[in-house]
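# Sequence first, predicted coordinates after that:
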Amino acid sequence: MIVNRGKAQIAKLIGGTGQVPWYAALGSGSGTMAFTNTTLFAESGTRRALTGSPDTSAYWEVNYVYNYNATLMSGLVLREFGTFTAATAGSMWTAENFIGITFTGRNELEIQNTIWTF
């Protein structure tokens, strides 16, 4: 979901001053995500920078891709994901939470986050 701060950044981008979500964070926390959330419930590890450049080939959508290797994922029970404007702190744009996925050190993760605007 695009949280309130993400919506505010989209409005600022239309005006020419917003920031895009260059970083992604994974988390192991659980709870009910709301539009008012500004952080993940339990962020794990270091935020990852966007892989390459955002795909803006369609004017109504932008695709962000974030990659995590097996070493980074080892031992994590992934329950939440968010995108942010900075490597630390920054505004959270999007947040998702789900049933836990356990990573054993043999699995990699690629997250593709698509934001549609209409």
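Ah, there it is. Predicted, not measured: the structure shown is a model, and the values here were computed from it.

# Who are the packing partners of the longest strand along the chain?
Criterion DSSP state E: the longest strand present in the chain is strand 92-102. Counting contacts by 3 or more Cβ pairs under 8 Å, 6 or more residues apart in numbering; DSSP states H and E, strand 92-102 is packed against helix 4-15, strand 77-84, strand 109-116. Where you see a C-beta, it was placed from the backbone N, CA and C, and this is true even at glycine.

# Of these, flag the one that's most buried.
Mean neighbours per residue, mean count of other Cβ atoms under 10 Å, is largest over those for strand 77-84, with a mean of 22.

# Determine the angle, from 0 to 180 degrees, between it and helix 4-15.
Taking axes from the mean of the first three to the mean of the last three Cα atoms, to 10 degrees, one finds strand 77-84 and helix 4-15 inclined to each other by 30 degrees.

# Please enumerate residues in contact with strand 77-84?
The contact list for strand 77-84, computed with Cβ atoms under 8 Å, 6 or more residues apart in numbering, reads 6, 21-30, 33, 39-43, 47, 64, 90-103, 109, 111, 113.

# make it 7 Å
Defining contact as Cβ atoms under 7 Å, 6 or more residues apart in numbering, one finds that strand 77-84 is touched by 21, 23-30, 40-41, 47, 64, 90-98, 100-103, 111, 113.

# Direction included, what does that strand pair up with?
Strand 77-84 sits in its sheet next to strand 23-27 (antiparallel), strand 92-102 (antiparallel), going by DSSP bridges.

# for those strands, which one sits closest to residue 12?
Closest to residue 12 of these is strand 92-102 (Cβ to Cβ; 11.6 Å).
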